[in-house]
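Novice: sequence and computational prediction follow.
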Amino acid sequence: MNFSLKDKWVLITGASSGFGAAAARAFGAEGAKLLLGARRVDRLEKIAAEARKAGAAEAHFHPLDVSRTASVEEFVAWARERVGGQKSEGRGLHVLINNAGGAHGLDTVAEGKDEDWEAMLQSNVLGVLRMTRAVLPLIPHDAGATIINLGSIAGHVAYEGGAAYCAAKAGELQITRALRLELCGTGIRVCTVDPGLAETEFSLVRFKGDAPRAKKVYEGTNPLGAEDIAETLVWVASRPSHVNIDELIIKPTDQAAIHKVYRRQ
Ligand code: NDP
Ligand code: 8X3
């Protein structure tokens, strides 16, 4: 039997765009109660309204920068006021989605910039560690709770210009694996969802607002959309509580491998 997400608390980082925003709408449609974080609060306000319209029992938002410990702790204190701790009667956080992150630049190692490397490792690696550490006391044991981290095929296979991003997502994969071992026996599920080419604001951020260059990444091919990933996240979190989806790679049909993308003329 599916694990019902109705009235369950779901916390999504990076909910202002792409996968995170689509996940807010998708978990909202399941009747979940949402806690949404990102740096662009004006966007979060709009996404929370969309999630409520989709059916969310509640949708709250609060500023969050996962690259700063103080911001994570402040965000989680705000979340705790709504959710209660893991031992509170019938409450606690049932789904944590560590989605905030992305790539900055596509430089070779020889041309790489410290600020890009640091931003990637801060958000994709340290952000996952910080959020998980802060949120674990809110997650009930033996209640079907799930932690889902957003990895990437870049964590499995390297590509030119991707050294720091690939390292960051490989780091995320190993964090997920270590956490699953550490939490074995608590009943908390731990999963990594690792997408391939997906059209969101990912490339716009990577290329620092260069929209034509970002658009070219998806030219002639049929990439994944944010909704494809959101649907997958809901599926992972709604498996029966004894089922853990460990690692899930999801690519567009046009992408047979990281370097092999079919493009129509
Ligand atoms: P988007 O750029 O559309 O969304 C990224 C989200 O992360 C935004 O909401 C952004 O919010 C948030 N974010 C980034 N840095 C921080 C930070 N320091 N603190 C808090 N929030 C932050 O990209 P996607 O939706 O595509 O990316 C989501 C995740 O999926 C990322 O981890 C990405 O690496 C991963 N991924 C993406 C793929 C793709 O091809 N699109 C493929 C595989 C994985 P704000 O700027 O408002 O803070
Ligand atoms: C995003 C996928 O191939 O652009 O994580 O690195 S890729």
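Specialist: Nice, I can see it. Ligands and ions are numbered 1, 2, ... in the order given.
Novice: use CA for all of it now, contacts and neighbours both
Specialist: Fine.
Novice: residue 264: how many residues sit nearby?
Specialist: 9 (other Cα atoms under 10 Å).
Novice: let me fix that, I meant to ask about residue 216.
Specialist: Neighbours of residue 216 (other Cα under 10 Å): 11.
Novice: ok, the closest residue to residue 167 other than its chain neighbours - contacts?
Specialist: In this structure, residue 167 finds its nearest non-sequential neighbour in residue 155, 6.6 Å apart by Cα to Cα, 6 or more residues apart in numbering. By Cα atoms under 8 Å, 6 or more residues apart in numbering, residue 155 lies in contact with 165, 166, 167, 168, 169, 170, 171, 172, 173.
Novice: so where's the stretch 101-250 of the chain shaky on pLDDT?
Specialist: Regions of the stretch 101-250 of the chain meeting the criterion pLDDT under 70 are absent.
Novice: where along it do the strands fall?
Specialist: Secondary structure of the stretch 101-250 of the chain (DSSP state E, counting those that start in this stretch): strands at 146-150, 189-195, 198-199, 224-225, 247-250.
Novice: check the offset of the fourth one from the chain's centre.
Specialist: Pointing back at strand 224-225 there. 15 Å (Cα atoms, centre = their mean, to the nearest Å).
Novice: ok, now the third one?
Specialist: Centre-to-centre, strand 198-199 and its host chain are 14 Å apart (Cα atoms, centre = their mean).
Novice: hmm, who's touching it?
Specialist: Taking contacts as Cα under 8 Å, 6+ apart, the residues outside strand 198-199 that touch it are 218, 223, 224, 225, 226, 252.
Novice: okay, now the sheet partners of that strand, with direction.
Specialist: strand 224-225 (parallel) (DSSP bridges).
Novice: the strand it pairs with vs ligand 1: in contact?
Specialist: No: against ligand 1, strand 224-225 shows no contacts by Cα under 6 Å from any ligand atom, the least distance being 7.9 Å.
Novice: same check, this time on stretch 174-181
Specialist: No: Stretch 174-181 lies out of reach of ligand 1 by Cα under 6 Å from any ligand atom, never closer than 13.5 Å.
Novice: list the buried residues in that stretch.
Specialist: Across stretch 174-181, burial judged by 16 or more other Cα atoms under 10 Å covers 175, 176, 177, 179, 180.
Novice: need the max-distance pair from the contacts of strand 198-199.
Specialist: The span of the contacts of strand 198-199, defined through Cα to Cα, is set by 218 and 226 at 13.7 Å.
Novice: which ones are touching the residue in the stretch 1-150 of the chain positioned nearest to ligand 2?
Specialist: Proximity of the stretch 1-150 of the chain to ligand 2 (Cα to the nearest ligand atom) peaks at residue 102, 7.1 Å away. Going by Cα under 8 Å, 6+ apart, residue 102 touches 120, 123, 124, 165, 202, 205, 206.
Novice: go back to the residues you listed and keep what's next to ligand 1.
Specialist: 123, 202, 205.
Novice: most surrounded residue in these?
Specialist: Greatest neighbour count in the ones next to ligand 1 among the contacts of residue 102, by other Cα under 10 Å, goes to residue 123: 23 neighbours.
Novice: I figured it hits residue 103, correct?
Specialist: No: with contacts counted by Cα atoms under 8 Å, residue 123 stays clear of residue 103, the gap being 9.4 Å.
Novice: only the buried subset of the contacts of residue 155, as a ChimeraX command please.
Specialist: Applying 16+ other Cα under 10 Å to the contacts of residue 155, the buried members can be selected in ChimeraX as follows:
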select :165,166,167,168,169,170,171,172,173
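Novice: per-residue confidence at the residue at minimal distance from the centre of the chain?
Specialist: Compute the mean C-alpha point of the chain, and by Cα atoms, centre = their mean the closest residue is residue 99, 1.7 Å away. The score at residue 99 is 99. That number is its pLDDT.
Novice: ok, residue 87 next?
Specialist: 66.
Novice: write out the residues of the chain neighbouring ligand 1.
Specialist: So the chain meets ligand 1 at 13-20, 38-40, 64-67, 99-102, 123, 150-152, 194-202, 205 (Cα under 6 Å from any ligand atom).
Novice: any of the residues you listed buried? List them.
Specialist: Buried residues within these, counting neighbours by 16+ other Cα under 10 Å: 13-20, 38-40, 64-67, 99-102, 123, 150-152, 194-202, 205.
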